[in-house]
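>>> sequence and predicted structure, then a few things I'm wondering about:
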Amino acid sequence: MGCDATRLIIQLCDMSSFESIRECAKAILKVLTGYVIVEEDHIDVLVNNAGVMFYPKYEKTVDGHEVTWQCNYLGKLSVGPCFAFPCPSNSSNFLIAVYTTTIWSF
């Protein structure tokens, strides 16, 4: 059980930047559509996890939203639609995992 390390592709993105999210989606879609030569043609698991808690001061992102609001809510919501169409049709094992502070223990 598990993932063969040669098949694992990790793509990070900054949830405080919609541009970073778009670039991440483009990079993954290039892999899925064959513009980048790899053997993978689908996503098995998308871990859509981001969290900012107790940010020390009020700041806005480059997109003009408060940092916590964009990272914890707006960023996550903008990721899902980027992959909603290509993934489920290609893989019966597709999973979007969104974790929240409910699993964080004090």
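Cool, the structure landed.
>>> so what touches the helix or strand containing Ser78?
Using DSSP states H and E, Ser78 sits in helix 75-83. The list of residues contacting helix 75-83 from outside it, by C-beta atoms under 8 Å, 6 or more residues apart in numbering, reads 13, 15-16, 18, 21-22, 24-25, 28-29, 43, 46, 48, 50, 96, 98. Bear in mind the C-beta positions are built from the backbone N, C-alpha and C, glycine included.
>>> just the residues you listed: which are in helices?
Secondary structure defined by DSSP state H assigns 18, 21-22, 24-25, 28-29 of the contacts of helix 75-83 to helices.
>>> now list the buried members of those.
18, 21, 24-25, 28 (16 or more other C-beta atoms under 10 Å).
>>> let's have those residues in JSON lines, adding distance to Tyr73.
Listed next are those as JSON lines, based on distance: C-beta to C-beta, whole Å:
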{"residue": "Phe18", "distance to Tyr73": "13"}
{"residue": "Ile21", "distance to Tyr73": "13"}
{"residue": "Cys24", "distance to Tyr73": "18"}
{"residue": "Ala25", "distance to Tyr73": "18"}
{"residue": "Ile28", "distance to Tyr73": "22"}
